[in-house]
Each structure stands twice: as structure tokens, then as C-alpha cells.
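Peer 1: sequence first, predicted coordinates after that:
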Amino acid sequence: MSGPRKIDIYALTWRLPIILWQLVFFIGPVLFMVAISFFVVKNYRMTEAFEFVNWQRMLTRGFFWDSYWYTLFIASLSATIAMLVAFPAAWALAFRASDNLRRWAVFLLIIPFFTSYLVRTFSWYVILAESGVLNAMLGYIGLGPFRMLNSHFGTIIGYLTLTLPLAVILQTVTMANVDKTLIEAARNLGCKPFATIWRIVLPLSKTGFIVAALFCFILAFGDFVAPFYLGGSQEPTLPILILDTTKSGQQWPRAAVVAIMMMVTLFTVAFTAIALAYRKPKGSKG
């Protein structure tokens with residue numbers, strides 16, 4: 001029988017900075033936010049307390065659940081669109097492009113992240129406005145003008161600005177690692193392109209695809225810029241609701257309730273997605 005495991009001081013020493021970082025900059029603020037959610041605001045001043053009035057106020061109001069389900073829906077929709085739009089480009093880069101071209105393409109896809117997301121979002125004003133570039137082009141063929149700003153469409157475009165390059169990169173890296181001989185064997189056996197994708201590529205790329213979709217959802221779910229500036233916040237998402245709540249009588253405790261609900265949702269989705277991504281097929285061993 002083996003004795004109790006000894007603590008590896010060397011490994012613990014190298015892990016300690018990460019542990020301290022998580023404690024100071026993640027766990028600590030989260031615990032503080034949970035504590036704030038039980039405080040009360042009196043005369044525009046936050047007072048320490050332990051009352052459930054903020055939770056009751058937010059979770060029993062229709063406007064909170066309207067924002068919650070709308071945010072969940074539009075984040076899921078944008079993640080789905082990003083994955084579908086990114087797939088053809090990622091397929092071409094993974095299976096049609098040379099290694100050198102693929103590296104340059106990934107580099108060019110990374111470049112947008114070097115610039116401010118707010119600046120990239122504002123640039124869509126010129127394109128999506130009623131007198132903008134896109135409506136001008138549609139006008140030449142007798143269409144439009146269409147209202148694209150301050151709408152769901154504008155919000156989706158903003159989300160795609162944030163998530164689409166990442167989706168292409170992750171899908172490309174995932175599919176580039178698929179054994180190409182399996183695809184060639186499927187073709188030699190008469191497997192059609194769609195069947196090859198469904199039976200060969202997607203099962204072998206499942207983990208990377210789920211992780212890519214998860215990142216797209218997380219970024220969209222917590223984004224404030226796109227629904228506020230391009231969507232017009234006509235149907236407020238949860239980040240916009242947090243802003244409106246803090247402006248309404250300095251209700252930081254109620255805003256903390258919204259933030260905690262967002263984090264609970266994101267953790268639930270993330271753990272579920274990771275479990276699906278790394279779940280082994282039935283009948284597999286090891």
C-alpha cells in the first residue's frame with residue numbers, strides 16, 4: 001500500500017503565481033460582487049447588509065427575463081452564424097491552401113485583434129447607414145434603402161466583427177490536423193462531399209468546433225458595444241441592463257445580481273460544452 005502523497009514543492013512553487021493571480025483578480029472580485037448583491041441602497045448610498053431584496057427585485061421582474069432570454073438567443077444565433085460562415089473559408093484554408101498561404105491567412109485574421117474593437121464597430125456606421133455604402137450599392141440594382149442600424153441585424157454584424165475571425169482561425173487549425181488520407185479514402189470509396197464532411201471531418205474536428213462555438217458565444221453574450229451602438233439597445237441585452245441599472249439610483253447591488261446571473265449562465269454553458277467536446281464515443285476504450 002502506498003503512503004500519502006508528498007507535496008511537490010517544486011511544482012507548487014511554479015504554480016503559486018497562477019494561483020495567487022486567480023485569487024486576487026478573479027475569485028476575490030467574484031466574491032466581492034456576490035457580497036455586494038446583498039447590500040442595499042438608501043439615499044443613493046450603498047449600505048452593507050445581508051438582504052435578498054435585490055435578488056427578489058431582479059428575478060421577479062419581466063424586464064430582466066426579457067433581457068436574459070434575448071441575450072441568450074442573439075448570442076447563440078450569432079455564434080451559429082459565425083460557425084457556418086467561417087466553415088467554407090476554414091475548409092479552403094485547411095484542405096486547399098498551401099502551408100505558406102495558410103500561415104499568412106491566419107496572420108491576416110489575427111491583425112484585426114490588434115485594433116480597437118470599438119473603432120471597428122463604429123466603422124460599420126459608414127457601411128450600414130441608410131445613406132451608407134451598402135445601401136448605395138443596393139440602390140444601383142433598385143433595392144433599398146434598408147434599415148440596418150439600430151436593429152437586430154446591426155447587432156449580429158457587430159457580434160460577427162468580434163467573433164468571425166476567431167471562428168475561422170480555430171476551425172482552420174482544427175481541420176488542418178485532420179488526416180487527409182481519410183478524406184481521400186472516402187472519396188475513393190464514392191463518398192459524396194457532404195457525406196465526407198458529416199462522417200469524416202466533423203467527427204474528427206468535434207472538439208475544436210465546439211470550443212470555437214463556445215468562444216463565439218461567450219464573446220457575444222458578454223459584449224456591450226455591438227448591441228448598444230449598432231443595435232440601438234432597443235431590446236437591451238444583459239450588459240446594457242447592467243449599465244442602465246447602475247445609472248438608476250446607483251443600484252450597484254441589483255447590477256451585481258445581473259452580473260452573477262450572467263456568470264452562472266456562462267459557466268453552465270462552458271462546462272456543458274467542454275463535457276460534450278471531450279466526451280468519448282460509446283464503445284471506445286481508454
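Peer 2: Sure, I can see it.
Peer 1: my understanding was that L72 contacts G222; is that so?
Peer 2: No - with contact defined as Cβ atoms under 8 Å, L72 does not count as touching G222 (11.9 Å). Glycine gets a C-beta too; all of them are placed from N, C-alpha and C.
Peer 1: how about the helices in the stretch 101-250 of the chain?
Peer 2: 117-128, 133-139, 152-176, 180-188, 193-196, 202-204, 206-221, 225, 238-247 (DSSP state H, counting those that start in this stretch).
Peer 1: go through the fifth one and flag the buried ones.
Peer 2: Across helix 193-196, burial judged by 16 or more other Cβ atoms under 10 Å covers T196.
Peer 1: what of the first one?
Peer 2: Neighbour counts over helix 117-128 (16+ other Cβ under 10 Å) mark Y117, T121, W124, L128 as buried.
Peer 1: which one of those residues sits closest to F267?
Peer 2: Y117 (23.6 Å; Cβ to Cβ).
Peer 1: quick one: that closest one and L162 touch, right?
Peer 2: Yes - with contact defined as Cβ under 8 Å, Y117 reaches L162; the gap is 6.0 Å.
Peer 1: measure stretch 190-204 end to end?
Peer 2: End-to-end span of stretch 190-204 (Cα to Cα, to the nearest Å): 20 Å.
Peer 1: so what touches it?
Peer 2: Here stretch 190-204 makes contact (Cβ atoms under 8 Å, 6 or more residues apart in numbering) with W91, M175, V178, D179, L182, I183, A186, R187, F209.
Peer 1: buried ones among those?
Peer 2: Here, 16+ other Cβ under 10 Å leaves W91, M175, V178, I183, A186, F209 buried among those.
Peer 1: dump these into a markdown table; add distance to M83 and pLDDT as well.
Peer 2: What follows is the buried ones among the contacts of stretch 190-204, written out as a markdown table (distance: Cβ to Cβ, whole Å; pLDDT from 0 to 100):
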| residue | distance to M83 | pLDDT |
| --- | --- | --- |
| W91 | 12 | 93 |
| M175 | 13 | 93 |
| V178 | 17 | 88 |
| I183 | 20 | 85 |
| A186 | 22 | 84 |
| F209 | 7 | 95 |
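Peer 1: most widely separated two among those?
Peer 2: A186 and F209 (18.5 Å).
Peer 1: okay, K6: pLDDT?
Peer 2: pLDDT recorded at K6 is 62.
Peer 1: how about stretch 34-54: buried residues?
Peer 2: Quick answer for stretch 34-54 (16+ other Cβ under 10 Å): I36, S37, F38, F39, V41, N54.
Peer 1: from F64, how far off is the fifth one?
Peer 2: Right, the one you point to is V41. 17 Å (Cβ to Cβ, to the nearest Å).
Peer 1: counting residues per helix, which one in this protein is longest?
Peer 2: helix 62-91 (DSSP state H).
Peer 1: what angle separates that one from helix 206-221?
Peer 2: 140 degrees (axes from the mean of the first three to the mean of the last three Cα atoms, to 10 degrees).
Peer 1: what is helix 62-91 packed up against?
Peer 2: helix 152-176, helix 206-221, helix 238-247, helix 252-277 (3 or more Cβ pairs under 8 Å, 6 or more residues apart in numbering; DSSP states H and E).
Peer 1: what's the end-to-end length of stretch 32-44?
Peer 2: Start-to-end, stretch 32-44 (Cα to Cα) is 20 Å.
Peer 1: ok, back up a step: please identify which of the helices of the stretch 101-250 of the chain is closest to L16.
Peer 2: Using Cβ to Cβ, the nearest of the helices of the stretch 101-250 of the chain to L16 is helix 206-221, at 27.7 Å.
Peer 1: that closest one: what's the following helix or strand?
Peer 2: Remark: after helix 206-221, the chain's next helix or strand is helix 225, criterion DSSP states H and E.
Peer 1: need phi/psi at the residue nearest to A105 when sequence neighbours are not counted.
Peer 2: Leaving out its chain neighbours, the residue that sits closest to A105 by Cβ to Cβ, 6 or more residues apart in numbering is L93, at 5.3 Å. Dihedral angles of L93 (phi, psi; degrees, to the nearest 10) stand at phi -70, psi -30.
Peer 1: rebuild the helices and strands packed on helix 62-91 as JSON lines, extending it with distance to V24.
Peer 2: Listed next are the helices and strands packed on helix 62-91 as JSON lines, based on distance: least, Cβ to Cβ, whole Å:
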{"stretch": "helix 152-176", "distance to V24": "28"}
{"stretch": "helix 206-221", "distance to V24": "22"}
{"stretch": "helix 238-247", "distance to V24": "23"}
{"stretch": "helix 252-277", "distance to V24": "18"}
